[in-house]
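In: sequence and computational prediction follow.
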Amino acid sequence: MRSSKRPTPKHDERPKNRRAAWLVRAALVAIALLAYSDSFGLKLAQDSRVIVAQDTRIREASARNLALILQKDYWWPLPGDRLYRPITTASLLFNYAVLGNAGDGAGYHWINFLLHAGNILLAYELALLLFRRAGPAFLAAALWGVHPVVTESVDNIVGRADLLASMAVLGGLLYYVRFTSYSGPRRGLRAVGLFAIACAGVFSKESAAVLAGLMLLWDLSFPALAGLRRRIPAYATVAASLAVLWLVRARIFNQAAWPQFVYIDNPLQSAGFWTARFTAIKAIGKYLWLLVCPLRLSSDYSYNQIPLSGWGDWGAWLAAAAVAAILVAAVARRRRDPLMFFLAGLFGIALLPVSNLIFPIRSMMAERFLYLPALAFAFAVVGLLYRLGSGRRAPVAMGVLLALYAGRTFARNLDWRDNLTLASADVGTSPRSVRLRDTLAKALWEQDSRRNIDAAIREEEVSWAIVEPLPIEWSTELPPTYLGIYYSFKADLMGGASNPQGRAWYEKSIAMLLRARAISQAAARAFDEAQLAHGKPLGGRIGMPELYLALGSDYYSLARYPEALEAFLQGRSLNPGMTMFYDGLADVYWAKGEYDSAAISLETKGMLEGFAPATLTAIARIYARIPDAACAVESRGAGPQINLNCPKVKSDLCLAASDLAQAFMEARNPAQARTFRAEAAQRYGCAM
């Protein structure tokens with residue numbers, strides 16, 4: 001298995017006939033299917049829940065939605081990082097709308113598994129080229145297919161981006177290896193095919209750009225008989241795919257807001273140069289250990305699970321020594337051992353874009369980043385075992401390792417059933433992860449808010465304790481906001497404001513929500529400053545409307561009406577379409593005896609969602625308190641109706657429309673404000 005020539009499998013090194021070849025491939029898929037057989041009943045967890053629930057582009061297979069997928073970023077309509085993955089989003093549309101999976105996880109998990117199975121077969125083809133023997137190639141592909149670290153990419157639906165990108169990288173590399181064997185028009189057609197594969201990769205996930213580096217690595221590892229001239233078209237087509245990606249991204253993101261800085265996702269974004277690189281190297285050391293011993297896995301490594309490193313961090317030095325040893329050995333033995341040189345390069349090149357060594361990305365560490373690098377590890381393990389072993393010892397050892405990894409994968413799948421099982425399992429591995437503690441608290445709350453309230457509070461208090469020492473500009477409003485919500489619910493359980501204990505919990509909730517508000521407002525100021533600094537217009541406001549809804553409700557419960565009014569109005573300026581703010585405003589105005597304002601608030605709500613019977617009943621109750629509004633509501637067979645011929649009603653509806661338009665202006669949505677003004681002028685004859 002040592003050669004300086006380009007590996008070329010001979011016919012007698014493959015299974016002897018086509019039927020045997022298919023049986024080998026079927027066996028690979030069957031082994032993976034056994035390892036993932038308990039994953040098809042999983043629900044949607046983590047970011048998968050968010051993107052499937054909130055991306056309206058995937059709800060219907062239509063030309064309009066396909067156009068939106070091509071024209072908008074990956075996280076649209078939510079604000080997010082500068083990611084553009086239209087092929088991945090289109091695949092989710094296929095699940096949701098074409099297959100009809102909607103929010104049912106089974107179909108998504110089946111597609112993810114099939115993509116992973118396809119990648120295993122591509123890995124087998126690559127292993128045949130490298131090992132030139134079917135036995136080691138089979139074991140290498142199988143080991144990668146069941147390695148526990150790849151479960152995040154397979155079990156987490158948003159891991160589909162890794163699956164699609166890796167398929168393009170592996171397929172593109174195999175395509176390139178055979179590229180120079182063609183000449184004339186056929187080579188031109190092959191170049192077009194390689195361009196299509198490369199584009200499919202980078203438009204699935206940006207990290208597929210490593211294809212160009214792996215092609216160069218292949219040529220350095222196994223010098224081709226054909227000269228550079230015959231390979232130039234292949235490199236040119238892959239470079240062209242990167243140019244297309246750059247042009248499309250520039251067009252998309254020139255119109256988009258500059259992304260919000262989120263310190264807790266990756267503190268390396270604000271760390272000094274050497275601190276950031278030293279910490280990134282320590283993370284690589286953790287990756288290497290996870291590949292060897294994947295017992296303690298985690299879906300999240302956010303702040304402060306991996307503390308920033310310094311010169312005295314022995315873990316970082318140990319990781320640096322391991323990386324240096326692998327690098328030196330691979331380079332020193334490049335001519336004598338091109339296989340290991342290629343595998344070391346494959347690991348490094350595949351990991352480099354997400355390693356934070358070149359530039360900081362959104363996450364400090366994530367197991368999904370190991371999907372393609374784990375291939376190099378699996379191949380290296382097989383190669384080393386076959387060199388060290390003899391006779392049947394190597395296959396036996398590989399069989400044992402394969403069984404252990406497959407068993408761990410089978411067990412890990414069940415952790416991904418939902419957010420509660422996942423966070424409960426992972427909090428032992430990442431106890432200092434702020435997002436993981438926050439996720440566990442929310443999952444407990446969602447499962448049974450009454451029974452789990454104390455457990456949810458405990459987890460959220462741990463989450464808050466992790467970030468509380470941070471400067472306000474680096475903190476996050478998530479833990480204090482939800483902690484305030486849980487405190488408020490506890491107050492309700494304790495009898496509310498009529499009970500001293502209940503009042504104490506309300507006060508505790510308000511104190512926490514005020515901390516959250518300060519953090520949120522600091523983040524909003526920083527976001528606006530970033531837009532101006534990068535020449536972007538000030539678009540919509542950022543913040544958590546739920547924070548202000550909870551704060552206003554607490555103030556209202558304590559009869560602190562002016563403060564409740566202020567909180568509801570502040571929240572409305574973030575999201576005027578959130579109708580619960582108008583209910584809160586109406587309650588405050590009613591309690592203050594300002595019935596005209598209460599009626600206008602509910603009429604504003606009616607304009608947003610339609611005048612539902614419950615809303616009409618509430619409006620009628622308010623107008624009954626207003627002396628000159630006797631004609632405002634009339635009873636009909638279907639229930640109470642607003643009498644548009646009543647002068648009081650027409651006047652109030654115009655005031656409501658004006659108030660709603662002003663709210664959208666405050667939210668920096670002038671187009672929606674103009675829409676409501678025009679509708680009010682047409683429907684009610686308002687002078688807007």
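Out: Yep, it's here.
In: touching, residue 49 and residue 419? I think so.
Out: Yes: counting by C-beta atoms under 8 Å, residue 49 touches residue 419, with 7.3 Å between them. Every C-beta, even on glycine, is put in place using the N, C-alpha and C of the backbone.
In: same drill for these two, tell me which one is more crowded.
Out: Neighbour count, other C-beta atoms under 10 Å: between residue 49 and residue 419, residue 419 has more, with 22 against 17.
In: burial count for the nearest residue to the more buried one once chain neighbours are set aside?
Out: Excluding the flanking residues, the one nearest residue 419 by C-beta to C-beta, 6 or more residues apart in numbering is residue 443, at 4.2 Å. By other C-beta under 10 Å, 20 other residues sit near residue 443.
In: hang on, residue 443 in a helix?
Out: Yes: per DSSP: H, G, I helix; E, B strand; the rest coil, residue 443 lies within a helix segment.
In: contacting residues around it?
Out: Listed by C-beta atoms under 8 Å, 6 or more residues apart in numbering, the contact set of residue 443 reads 418-420, 423-424.
In: rerun at 10 Å
Out: Neighbouring residues of residue 443 by C-beta atoms under 10 Å, 6 or more residues apart in numbering: 45, 418-424, 452, 456, 459.
In: who touches both of residue 49 and residue 419?
Out: Common neighbours of residue 49 and residue 419 (C-beta under 10 Å, 6+ apart) are residue 43.
In: list the buried residues for stretch 231-239?
Out: Neighbour-count burial for stretch 231-239, counted by 16 or more other C-beta atoms under 10 Å, picks out 231, 233-235, 237-238.
In: mind checking which of the residues you listed are in helices?
Out: 231, 233-235, 237-238 (DSSP state H).
In: between these, which is nearest residue 254?
Out: residue 238 (24.8 Å; C-beta to C-beta).
In: quick check: that closest one vs residue 206, distance?
Out: Separation of residue 238 from residue 206 (C-beta to C-beta, to the nearest Å): 14 Å.
In: residue 621 now?
Out: Taking C-beta to C-beta, one finds residue 621 at 56 Å from residue 206.
In: quick one: residues contacting residue 329.
Out: Contacts of residue 329 by C-beta under 10 Å, 6+ apart are 337, 340-341, 344.
In: so which helix or strand takes in it?
Out: helix 314-332 (DSSP states H and E).
In: quick check: buried residues in that helix?
Out: So for helix 314-332, counting by 16+ other C-beta under 10 Å, buried means 315-317, 319-320, 323, 326, 330.
In: check stretch 210-227 too.
Out: Those would be 210-215, 217-219, 221-222, 224, for stretch 210-227 by 16+ other C-beta under 10 Å.
In: let's see which of these end up in helices.
Out: 210-215, 217-219, 221.
In: let's have those in CSV, adding pLDDT.
Out: As requested, those are exported to CSV (pLDDT from 0 to 100):
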residue, pLDDT
210, 97
211, 97
212, 95
213, 96
214, 96
215, 94
217, 94
218, 94
219, 91
221, 92
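In: export these as TSV, with columns for distance to residue 23.
Out: What follows is those, written out as TSV (distance: C-beta to C-beta, whole Å):
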residue	distance to residue 23
210	33
211	31
212	35
213	35
214	30
215	32
217	32
218	29
219	34
221	31
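In: so which of these comes closest to residue 280?
Out: residue 210 (17.2 Å).
In: if we ignore the residues flanking it in sequence, what's nearest that closest one?
Out: residue 349 (5.2 Å).
In: check residue 290 too.
Out: residue 149 (5.4 Å).
In: what about that neighbour, neighbour count?
Out: With other C-beta under 10 Å as criterion, residue 149 counts 24.
In: okay, buried residues for the helix or strand where residue 620 lies please.
Out: In this assignment (DSSP H and E), residue 620 forms part of helix 613-623. The neighbour-count check on helix 613-623 (16+ other C-beta under 10 Å) flags 615-616, 618-623 as buried.
In: what of stretch 109-119?
Out: Quick answer for stretch 109-119 (16+ other C-beta under 10 Å): 109-113, 115-119.
In: low-confidence regions, the stretch 1-150 of the chain specifically.
Out: 1-16, 79-80 (pLDDT under 70).
In: again, 80 this time
Out: Along the stretch 1-150 of the chain, segments meeting pLDDT under 80 span 1-18, 78-81.
In: the stretch 151-300 of the chain too?
Out: 179-188, 224-230.
In: ranges for the helices of it?
Out: For the stretch 151-300 of the chain, applying DSSP state H, counting those that start in this stretch gives helices covering 151-155, 160-177, 185-202, 210-221, 228-254, 273-292.
In: and the second one, how far from the chain's centre?
Out: Read it as helix 160-177. The chain centroid and the centroid of helix 160-177 are separated by 21 Å under C-alpha atoms, centre = their mean, to the nearest Å.
In: pull out the buried residues from stretch 408-421.
Out: So stretch 408-421, judged by 16+ other C-beta under 10 Å, has buried residues 408-410, 412-413, 415-421.
In: dump these into JSON lines; add distance to residue 438 as well.
Out: What follows is those, written out as JSON lines (distance: C-beta to C-beta, whole Å):
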{"residue": "408", "distance to residue 438": "27"}
{"residue": "409", "distance to residue 438": "27"}
{"residue": "410", "distance to residue 438": "29"}
{"residue": "412", "distance to residue 438": "22"}
{"residue": "413", "distance to residue 438": "24"}
{"residue": "415", "distance to residue 438": "18"}
{"residue": "416", "distance to residue 438": "18"}
{"residue": "417", "distance to residue 438": "19"}
{"residue": "418", "distance to residue 438": "16"}
{"residue": "419", "distance to residue 438": "11"}
{"residue": "420", "distance to residue 438": "13"}
{"residue": "421", "distance to residue 438": "16"}
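In: so which of the contacts of residue 329 sit within helices?
Out: Using DSSP H, these in helices are 340-341, 344.
In: just give me the closest of the residues you listed to residue 285.
Out: residue 344 (15.4 Å).
In: ok, and the closest non-adjacent residue to that closest one?
Out: That would be residue 330: by C-beta to C-beta, 6+ apart, it lies 3.6 Å from residue 344.
In: hmm, back to that, show the model's pLDDT score for the residue nearest to residue 419.
Out: Residue 443 is assigned 97 on the pLDDT scale.
In: can you give me the distance of it to residue 108?
Out: 19 Å.
In: ok, residue 524 next?
Out: 34 Å.
In: residue 360 too?
Out: Applying C-beta to C-beta to residue 360 and residue 108 gives a distance of 30 Å.
In: likewise residue 150?
Out: From residue 150 to residue 108 the distance is 17 Å (C-beta to C-beta).
In: would you mind writing the CA trace of the helix or strand residue 657 falls within as PDB?
Out: Using DSSP H and E, residue 657 sits within helix 647-666. The C-alpha trace of helix 647-666 is given here as PDB (Å, rounded to 0.1, in the frame of the first residue of the first chain):
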ATOM      1  CA  PRO A 647     -69.400  58.300  13.800                       C
ATOM      2  CA  LYS A 648     -67.500  57.200  16.900                       C
ATOM      3  CA  VAL A 649     -66.500  53.900  15.300                       C
ATOM      4  CA  LYS A 650     -65.300  55.500  12.100                       C
ATOM      5  CA  SER A 651     -63.300  58.100  14.100                       C
ATOM      6  CA  ASP A 652     -61.700  55.400  16.300                       C
ATOM      7  CA  LEU A 653     -60.900  53.100  13.300                       C
ATOM      8  CA  CYS A 654     -59.000  55.900  11.600                       C
ATOM      9  CA  LEU A 655     -57.100  56.600  14.800                       C
ATOM     10  CA  ALA A 656     -56.300  52.800  15.100                       C
ATOM     11  CA  ALA A 657     -55.100  52.800  11.500                       C
ATOM     12  CA  SER A 658     -52.900  55.800  12.100                       C
ATOM     13  CA  ASP A 659     -51.600  54.300  15.300                       C
ATOM     14  CA  LEU A 660     -50.800  51.000  13.500                       C
ATOM     15  CA  ALA A 661     -49.000  52.900  10.700                       C
ATOM     16  CA  GLN A 662     -47.000  54.800  13.200                       C
ATOM     17  CA  ALA A 663     -46.000  51.500  14.900                       C
ATOM     18  CA  PHE A 664     -44.700  50.100  11.600                       C
ATOM     19  CA  MET A 665     -42.700  53.300  11.100                       C
ATOM     20  CA  GLU A 666     -41.100  52.900  14.500                       C
END
